[in-house]
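**Student:** Give me a model of this one.
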Amino acid sequence: MRKIFLITGIALLITAVFARQIGIDNDEGWGKGRIFLLISGSAFVLAGLLIFLLQDKLTKLKSYLLIFKNRHFNYSHSVQITLVSFAATITVVIAYAWFAQPNGRNSPGNYNYYSELAIGFKTGHLYLAEKPSPALLSLSNPYDYALRKQNNVEDFPWDVSLYNNRFYTYWGPAPSLILTIFSGEQLSHIGDNYVALAFAIGLFLYAALIAARFWQKSLPNVPSWLLGISALTMGLSAPVTTMLGDSRIYEAAVLGCQFFFIGGCYWAYSSISNDKPILWKPALAGIHWAFALGTRITILPVILFSAAVTIIYIWRVFNTTAPKTYMQVLVILGAPLLLALSGLSWYNWARFGSIFEFGLKYQLTNVNYNVFRDSFSSRYITGNLFNYFAHPVKILPKFPYIA
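**Tutor:** Numbers count the residues shown, from 1 in each chain. Below is the predicted model of the structure:
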């Protein structure tokens, strides 16, 4: 055990000290990542030395602790899973808060899209409170990036949609609807980075719940501490940790969509893993998936597939024994999805006069989407399949060494 601690600690220390030479850090200074590696490496080395120096005492202490545990803390498998999951959750939440600290790029002065849209909702509008400047509106084609640069017109929130002299957002409105529970004063201090952090924590909680439920049901003889390692690996690996380092509206939207989707998967899995269907669980699955649609509509094919799998499974298991219950499950799972799609259709029609227009066409970005028509194209499928499965590997001299 001490060799593992010492080898791990030394490896972490070498990585922290020589991060730039190895190629995993291009900066001269010591950022949060290198400091974290240094502290972790020092802790592992210290633990290894203590184990080596106090080996006999630690052996006796271990035997005493085992006797004490068996006498006073001989918990059941389910309780052990709960304790391990709780410890892993506390660790991951602290790590997420660390990774999400402002680093300069995500400064408080950035535009908070979700909060600003929530303020608009609270005042009875679907548009943002900020008004386009006369200079922007006077351009012959405000969507032309080159024309805006030529006239030095950059006084607007980046990536908003301009339509009928108002600013809108093309991101789904679901997170902003949730934020309307806060006051206008509170919303002025809620940045998109905080929204991203909340969604990241929620995403991990649901993923950990799925793992714990599967562990308890399908792996009753496997040590519970392995669940803790699995949860930590799941929570502290990319891409969530890297996304939190510079989280803006883009990361908040992705994490929010994943939170609602995985949350729906948890409640669907929980409902089908019972001997009898419990109606409120598929209802919660449908509500979560509806909010996922309201956060990023591009997840629609995945939601439809997941709902179909859930419905087919419930049909095969419960249709012959409880056909009435099956129909109830079908309704309460599908109703939130239909309501979400209807609400989004109205939302788009009320803003842009089309149920299929989310605002992409009217974006103020470096691409003129009135001309660019290939935001979604089937021709990307073959190219992406090649990139994922057949593209040659290139060896790099610096981290991550493979491209």
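**Student:** C-alpha only now, for contacts and for neighbours.
**Tutor:** Will do.
**Student:** mind listing the helices for the stretch 151-300 of the chain?
**Tutor:** Assigned by DSSP state H, counting those that start in this stretch, the helices in the stretch 151-300 of the chain fall at 174-179, 184-187, 192-218, 224-236, 240-244, 249-272, 280-295, 300-318.
**Student:** go on, the stretch 1-150 of the chain?
**Tutor:** Using DSSP H, counting those that start in this stretch, the helices of the stretch 1-150 of the chain run over residues 2-17, 19-22, 32-53, 55-72, 77-99, 113-122, 134-137, 145-150.
**Student:** quick revisit: winner for burial among the helices of the stretch 151-300 of the chain?
**Tutor:** Mean neighbour count (mean count of other Cα atoms under 10 Å) peaks for helix 280-295 among those, with a mean of 26.
**Student:** Taking helix 249-272 as reference, get the angle to that one.
**Tutor:** Helix 280-295 and helix 249-272 are oriented at 160 degrees to each other (axes from the mean of the first three to the mean of the last three Cα atoms, to 10 degrees).
**Student:** Could you export helix 280-295 as PDB, CA atoms only?
**Tutor:** Extracted in PDB, the C-alpha atoms of helix 280-295 (Å, rounded to 0.1, in the frame of the first residue of the first chain):
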ATOM      1  CA  TRP A 280     -45.200   9.200 -10.300                       C
ATOM      2  CA  LYS A 281     -41.800   8.000 -11.500                       C
ATOM      3  CA  PRO A 282     -42.500   7.900 -15.200                       C
ATOM      4  CA  ALA A 283     -44.300  11.200 -14.700                       C
ATOM      5  CA  LEU A 284     -41.000  12.700 -13.300                       C
ATOM      6  CA  ALA A 285     -39.100  11.100 -16.200                       C
ATOM      7  CA  GLY A 286     -41.400  12.800 -18.700                       C
ATOM      8  CA  ILE A 287     -41.100  16.100 -16.900                       C
ATOM      9  CA  HIS A 288     -37.300  16.000 -16.900                       C
ATOM     10  CA  TRP A 289     -37.200  15.000 -20.600                       C
ATOM     11  CA  ALA A 290     -39.600  17.900 -21.300                       C
ATOM     12  CA  PHE A 291     -37.200  20.300 -19.600                       C
ATOM     13  CA  ALA A 292     -34.300  18.800 -21.600                       C
ATOM     14  CA  LEU A 293     -36.200  19.600 -24.800                       C
ATOM     15  CA  GLY A 294     -36.800  23.100 -23.500                       C
ATOM     16  CA  THR A 295     -33.100  23.600 -22.900                       C
END
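**Student:** just how off-centre is that helix within its chain?
**Tutor:** 16 Å (Cα atoms, centre = their mean, to the nearest Å).
**Student:** circling back to that earlier point, with mean pLDDT and distance to Leu396 as added columns, please give the helices of the stretch 151-300 of the chain in a markdown table.
**Tutor:** Shown next, in a markdown table, are the helices of the stretch 151-300 of the chain (pLDDT from 0 to 100; distance: least, Cα to Cα, whole Å):
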| stretch | mean pLDDT | distance to Leu396 |
| --- | --- | --- |
| helix 174-179 | 96 | 40 |
| helix 184-187 | 91 | 45 |
| helix 192-218 | 92 | 31 |
| helix 224-236 | 87 | 25 |
| helix 240-244 | 89 | 21 |
| helix 249-272 | 94 | 28 |
| helix 280-295 | 95 | 37 |
| helix 300-318 | 87 | 35 |
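**Student:** Could you list the low-pLDDT ranges of this structure?
**Tutor:** In the predicted model of the chain, residues 1, 26, 58, 61-62, 65-77, 103-109, 275, 277, 318-322, 400 satisfy pLDDT under 70.
**Student:** the longest helix in it is where?
**Tutor:** Longest helix in the chain, counting residues (DSSP state H): helix 323-352.
**Student:** what residues does the helix or strand following that helix touch?
**Tutor:** Toward the C-terminus, helix 323-352 is succeeded by helix 379-389 as the next helix or strand (DSSP states H and E). Applying Cα atoms under 8 Å, 6 or more residues apart in numbering, helix 379-389 has no contact partners.
**Student:** Kindly export helix 379-389 (C-alpha atoms) in PDB.
**Tutor:** Output in PDB follows, covering the C-alpha atoms of helix 379-389 (Å, rounded to 0.1, in the frame of the first residue of the first chain):
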ATOM      1  CA  ARG A 379     -23.600  15.400 -45.200                       C
ATOM      2  CA  TYR A 380     -22.000  15.900 -41.800                       C
ATOM      3  CA  ILE A 381     -22.800  12.200 -40.900                       C
ATOM      4  CA  THR A 382     -20.300  10.600 -43.300                       C
ATOM      5  CA  GLY A 383     -17.600  13.100 -42.300                       C
ATOM      6  CA  ASN A 384     -18.100  12.600 -38.600                       C
ATOM      7  CA  LEU A 385     -18.100   8.800 -39.000                       C
ATOM      8  CA  PHE A 386     -14.800   9.100 -40.700                       C
ATOM      9  CA  ASN A 387     -13.400  11.400 -38.000                       C
ATOM     10  CA  TYR A 388     -14.500   9.200 -35.200                       C
ATOM     11  CA  PHE A 389     -13.600   5.800 -36.600                       C
END
